[in-house]
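[1] fold the following for me, if possible:
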Amino acid sequence: MKTSIINKNLSFLLLFLVFFLIMIILAVLYSITNDVKYIAFFICSFGSFAYLYEYIRTDFDCFNSDGLFFGVWIFTIGLGQLKLTYTQSTWNYEMWLIVITSLFSFAFGSKIIGLFSKTVELVIISPTDRMQAIKKNVSHKKMKVVLIISYIISFCAYFTEVLHAGTIPLFGDNIGDYANFGISYVHYLVISIGAILVLTYLYFVVYSKDGLLKIMFVMGFVMLISILNRHVIIFSVIGILMVRNYFVKKIKLKNILLLIFLSLIAFTILGSLRNVSSDYLVAAIGYKEKYNLVFMWTYHYLTVGFTNLQNAIELHPSLTYGLQTFTPFWTFTGLKALFSQSVNPYFSGVGTFLEGYYLDFGVIGIIIFPFLLGFFSKFIYLKITTTRIGIISFTIYFTVVNQLVFLFFTDYFSYTHIPLQVIVAAIIYVFSKRKVKLVSSDRQI
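    Prediction:
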């Protein structure tokens, strides 16, 4: 224990020294050149520092909720200040106020749970304890059968949609083929593959690498890639990484950084596979030609949400009172088609996690929802790291992590597939539970 504390303190000291040195260098460069890009580098460095600080504080856990929020949110804010495209403009006072308010609201919500946790004794649960908890409550034979049935249902739905569309989005001629692919409600069965893949990998870790399930696992990933649904792909990848992190051993930071680098390459490749991708970057994004075209795919993805948020703020639209925030409910019930959008953003369907809350409830939404996200994400994080984790609580947390990873691009909770994945995991868990024999306490006299 003492060795662990010493290592933490040394890591903190090294982190502060490196950060301080970087800040001095950036300050000097800015004073010499008066180039605002060094302000952007300063903000990015601060975001990286925030993540690394929380990473060390949580005993080197890459998926801690506070680190992900502050790291991702602040880092992408910094990238947005580079303004590498002609569609980006200088943020006004209201934009900065809203962005910074959301940061403090999240921090306040997380802090409340953090203070509460200090009043109770927290016991850190090991990966072995978590595996034993799953084995105690879940029958591996039932889980295998339920997973196989889930794959069959998802595959059948996929082939039905392919026959209906007459094409596969990966090989389509139009950039919007992936968005138009699918049949109402049937598509839910297709994208449910996200949770199925993660729980299959959990089965491999806890029980065994069954041959049939391995084949279905590979087929499921191929199917997912073919429909070009990057959100569900990344959802599955993050879930699988978190299985290893919490059920095997903590993933080292260098491996996470390597994976992020490879993911950015894969993202760029998927974008380049779409026809007219170059024309889209030139015409729609308005990239500045001195920057690399391939790199601009990634930069656009990381920063375009801020462009839309600023556009929404400047237009001061009428409030829509839940139309954006509760999109899954309107979609499931078929009521979404009855509503019209109050704002036509520059890039349709893209916004930071704040956009829906702002359009629905204004500044009040910017205060309340980040607060709730901070409160709940810290609550569920403490639950899975200090108690014997269950399938449903784990699924809820990796859906929360997906939201924290995509803060710069969308309000992930407004994506209909998010509650769907939790429902799928819950169904798999219910049908996989062990039967508990009830013993009567009555005694015959």
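[2] contacts and neighbour counts: CA atoms only from here.
    Noted.
[3] show me which parts of stretch 184-202 are buried, residue by residue.
    Buried positions in stretch 184-202, judged by neighbour count with 16 or more other CA atoms under 10 Å: 187-202.
[4] can you list contacts of that stretch?
    147, 150-151, 153-155, 157-158, 161, 213, 217, 220-221, 224, 232-233, 235-237, 239-240, 243, 395, 417, 420-422, 424-425 (CA atoms under 8 Å, 6 or more residues apart in numbering).
[5] what's the end-to-end length of that stretch?
    With CA to CA, to the nearest Å as the measure, stretch 184-202 spans 30 Å from end to end.
[6] what pLDDT does the closest residue to residue 41 other than its chain neighbours get?
    In space, and not counting its chain neighbours, residue 41 is closest to residue 78: 6.5 Å by CA to CA, 6 or more residues apart in numbering. pLDDT for residue 78: 91.
[7] how far away is residue 78 from residue 95?
    14 Å.
[8] and residue 389, by the same measure?
    Residue 389 sits 39 Å away from residue 95, going by CA to CA.
[9] the two: who's more crowded?
    Counted by other CA atoms under 10 Å, residue 389 and residue 95 do not tie: residue 389 has more neighbours, with 21 against 18.
[10] excluding chain neighbours, what is closest to the more buried one?
    Spatial nearest neighbour of residue 389, excluding adjacent residues (CA to CA, 6+ apart): residue 130 at 5.5 Å.
[11] what sits against that neighbour?
    By CA under 8 Å, 6+ apart, the residues touching residue 130 are 246, 247, 388, 389, 390.
[12] please redo it, this time with the cut-off set to 7 Å
    Contacts for residue 130 (CA atoms under 7 Å, 6 or more residues apart in numbering) come out as 247, 388, 389.
[13] is it located within a helix, as I assumed?
    Yes - read with DSSP: H, G, I helix; E, B strand; the rest coil, residue 130 is one of the residues of a helix.
[14] show the pLDDT at it.
    As predicted, residue 130 sits at a pLDDT of 85.
[15] offset the numbering so it begins at 9, please.
    Shifting the count to begin at 9 puts that one at residue 138.
[16] relative to residue 255, how far out is it?
    Distance of residue 138 to residue 255, computed by CA to CA: 6 Å.
[17] so for the helix or strand hosting residue 121, what's the average pLDDT?
    Applying DSSP states H and E as the criterion places residue 121 in helix 101-125. What helix 101-125 shows for mean pLDDT is 89.
[18] buried ones in that helix?
    For helix 101-125, by 16+ other CA under 10 Å, it's 103, 106-107, 109-111, 113-119, 121.
[19] and it, what does it pack onto?
    Contact partners of helix 101-125 among helices and strands, from 3 or more CA pairs under 7 Å, 6 or more residues apart in numbering; DSSP states H and E: helix 371-394.
[20] quick check, distance from the next helix or strand along the chain from the helix it packs on to the centre of its chain.
    The C-terminal neighbour of helix 371-394 among helices and strands, as given by DSSP H and E, is helix 399-413. In terms of CA atoms, centre = their mean, to the nearest Å, the centre of helix 399-413 is set 8 Å apart from its chain centre.
[21] ok, now stretch 392-402?
    With CA atoms, centre = their mean, you get 18 Å for stretch 392-402.
[22] list the buried residues in that stretch.
    Of all the residues in stretch 392-402, those buried under the rule 16+ other CA under 10 Å are 392, 393, 395, 396, 397, 398, 399, 400, 401, 402.
[23] if I pick the closest residue to the third one other than its chain neighbours, what's in contact with it?
    In space, and not counting its chain neighbours, residue 395 is closest to residue 133: 6.1 Å by CA to CA, 6+ apart. Residues touching residue 133, when contacts are defined by CA under 7 Å, 6+ apart, comprise 393, 394, 395, 396.
[24] alright, calling it a day.
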